[in-house]
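Asker: Return atomic coordinates for the entry below.
(one chain, ligands or ions: 1)
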Amino acid sequence: MKPFFSCVLLFACATTGHAATDYTGDSIEGVKVIRKLDLADLDAGKIHRFYLQGASNGVGQHWLVPVLVAKGSKPGKRLGLQAGVHGDELNGTRLIHRVFENLDPKTLSGSVIAIIGANSTGLLANSRYYQLQHDSGGGVDFNRIWPGKAEGNAAEQQVHRIFNGIWAGNADSVIDLHTQSTGTAYPLYIYADYRVAGVKTLAELFPADIIKIDPGEPGAAEQAFNDAGMASITLEIGAAKLYQPELIARALVGVDNVLKAYGMLPGKLGRDAKAQRSFIGNQTQSIRADRGGFAEVLVALNQDVKAGQLLAVQRNGFGDIIARYTAPFDARVASVGTDPLREPGSLLVRLIRVNTDAACSDGC
Ligand SMILES: [Zn+2]
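Answerer: Below is the predicted model of the structure:
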């Protein structure tokens, strides 16, 4: 029996190839758990649900990361959407749900893959940080360790499993969905490395308020995708711990434009960066509190400000003004602090402008 069994296995290996979807054999409430996805295995013209087996935790259980795959009835490009790398940034989860509510795999060419909640522990802790329990614990910024490590700490292993188990080999382009951090807000804002093929086009398909031409951030998911040949942008949708329908709706128009521009869906493109008159800048400057106190931000998102204009004041507990913060140059307001409690180093206002200096041409 033994030789025969080996032959069956060899035959299976020879016919399915080595990159087949790797099922753990577990099923949670009817959803199969996988270690690795291979799009080529899946039935076309259908939406598939999986749990990716994430890193294991201190009680010996694996985190389970929800994965949605719409495999079109015809071949085409493969677009990825990823939400919840920072666990307090939630608008992207609703964007993905809305994309899949609208998607008919029978009319789709190619595939859309989505990860809803990459940072399992950060989501539960309302935090951008993956929560480590070992030794005295601590947090790891989950968007500075991509593409992860097979034998790293729990956070690095979770990233490695997502990057290699879902994205590598399955996507041509991945949009990483974020918001500004808790206590601060963005409008609809994009980080895009215009040096990378396909990224300028991808960014400008969105009717964003602001696009930041940016040289990337080592360890960020966006940069790991770009380095691996999957054109990527970071799409910042507003503020943390909220669903913001207007911003989500506008992000949805952008995703729909991408699907049409990539030839994955038929139809005319909707509103894009040009129609929205998106502000495309290459230099940002963060105005941060230089002391602790109650901050009142005096400007709004997307507002144009002049050099010397008062942006924020800070008061002590008795109401005395203890600091005034002004704009260093003419710019547009890209982000604001929304939490009045500002300790030293906290963001008050982030400005963006176009700097024509050659040193800033790729972003600074
Ligand atoms: Zn983020």
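Asker: In this structure, which helix is the longest?
Answerer: Criterion DSSP state H: the longest helix present in the chain is helix 245-261.
Asker: helices or strands next to that one in the packing?
Answerer: Judged by 3 or more CB pairs under 8 Å, 6 or more residues apart in numbering; DSSP states H and E, the packing partners of helix 245-261 are strand 74-83, helix 91-102, strand 173-178, strand 184-192, strand 231-239. Placement of C-beta: from N, CA and C, glycine included.
Asker: Save the ones you listed as CSV, and put in mean neighbour count, distance to L351 and mean pLDDT too.
Answerer: Putting these into CSV (neighbours: other CB atoms under 10 Å; distance: least, CB to CB, whole Å; pLDDT from 0 to 100) gives the following:
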stretch, mean neighbour count, distance to L351, mean pLDDT
strand 74-83, 21, 27, 98
helix 91-102, 20, 23, 98
strand 173-178, 28, 19, 98
strand 184-192, 26, 13, 98
strand 231-239, 27, 15, 98
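Asker: nearest to L252, of these?
Answerer: Shortest distance between L252 and the helices and strands packed on helix 245-261, using CB to CB, is found for helix 91-102: 5.3 Å.
Asker: Show me what the closest one is in contact with.
Answerer: 47, 68, 70, 81-84, 112, 114, 116-117, 177-179, 235, 237-239, 242-244, 247-248, 251-252, 255-256 (CB atoms under 8 Å, 6 or more residues apart in numbering).
Asker: Tell me the gap between it and the middle of its chain.
Answerer: Here the centre of mass of C-alpha atoms in helix 91-102, compared against the chain's by CA atoms, centre = their mean, to the nearest Å, lies 13 Å away.
Asker: now stretch 346-361
Answerer: Per CA atoms, centre = their mean, the displacement of stretch 346-361 from the mean C-alpha position of its chain is 22 Å.
Asker: which stretches of the stretch 51-200 of the chain form strands?
Answerer: Counting by DSSP state E, counting those that start in this stretch, residue ranges of the strands within the stretch 51-200 of the chain are 62-71, 74-83, 109-116, 129-132, 138-141, 173-178, 184-192.
Asker: can you tell which of those strands is closest to the ion?
Answerer: Proximity to the ion (CB to the ion) singles out strand 173-178 among the strands of the stretch 51-200 of the chain, at 3.3 Å.
Asker: touching the ion at all, that closest one?
Answerer: Yes. Residues of strand 173-178 contacting the ion under CB under 5 Å from the ion: H178.
Asker: Show me the contact partners of that strand.
Answerer: Contacting residues not belonging to strand 173-178 are listed as 77-86, 89, 91-92, 95-96, 143, 167, 198, 202, 220-222, 225, 230-237, 251, 255, 258, 262 [CB under 8 Å, 6+ apart].
Asker: how about the residue of the stretch 1-150 of the chain found nearest the ion, what does it touch?
Answerer: Going by CB to the ion, the ion is nearest to H86 of the stretch 1-150 of the chain, at 3.5 Å. Going by CB under 8 Å, 6+ apart, H86 touches 119, 122, 127-128, 142-143, 178-179, 181, 240.
Asker: Which of the residues you listed has the largest number of neighbours?
Answerer: Of the contacts of H86, N119 is surrounded by the most neighbours, 31 neighbours in total, counting by other CB atoms under 10 Å.
Asker: Quick check: the gap between that residue and W63.
Answerer: With distances taken as CB to CB, to the nearest Å, N119 is found 9 Å from W63.
Asker: Helix or strand for F206, just tell me which one.
Answerer: Assigned by DSSP states H and E, F206 belongs to neither a helix nor a strand.
Asker: Am I right that K149 is in contact with A155?
Answerer: No. Under the criterion of CB atoms under 8 Å, K149 is not in contact with A155, lying 9.4 Å apart.
Asker: what about the two, which has more around it?
Answerer: Neighbours per residue, other CB under 10 Å: of K149 and A155, the larger number sits with A155, 25 against 12.
Asker: you'd agree that one is up against L132?
Answerer: Yes. Counting by CB under 8 Å, a contact exists between A155 and L132, whose distance comes to 6.5 Å.
Asker: shared neighbours, the two?
Answerer: Common neighbours of A155 and L132, counting by CB under 8 Å, 6+ apart, are V140.
Asker: Can I get the contacts of H86 in TSV including distance to L347?
Answerer: Below are the contacts of H86 laid out as TSV (distance: CB to CB, whole Å):
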residue	distance to L347
N119	21
G122	19
S127	17
R128	13
F142	19
N143	16
H178	15
T179	14
S181	8
A240	13
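Asker: Just name the closest of these to Q309, please.
Answerer: Distance to Q309, by CB to CB, is smallest for S181 among the contacts of H86, at 24.4 Å.
Asker: Need the pLDDT of the closest one.
Answerer: In the predicted model, S181 carries a pLDDT score of 98.
Asker: Need the nearest residue in space to L132, chain neighbours excluded.
Answerer: Leaving aside its sequence neighbours, L132 sits nearest to G138 (CB to CB, 6 or more residues apart in numbering; 5.2 Å).
Asker: again, but for G25
Answerer: Closest residue to G25 in three dimensions, ignoring its sequence neighbours and counting by CB to CB, 6+ apart: V33, at 7.8 Å.
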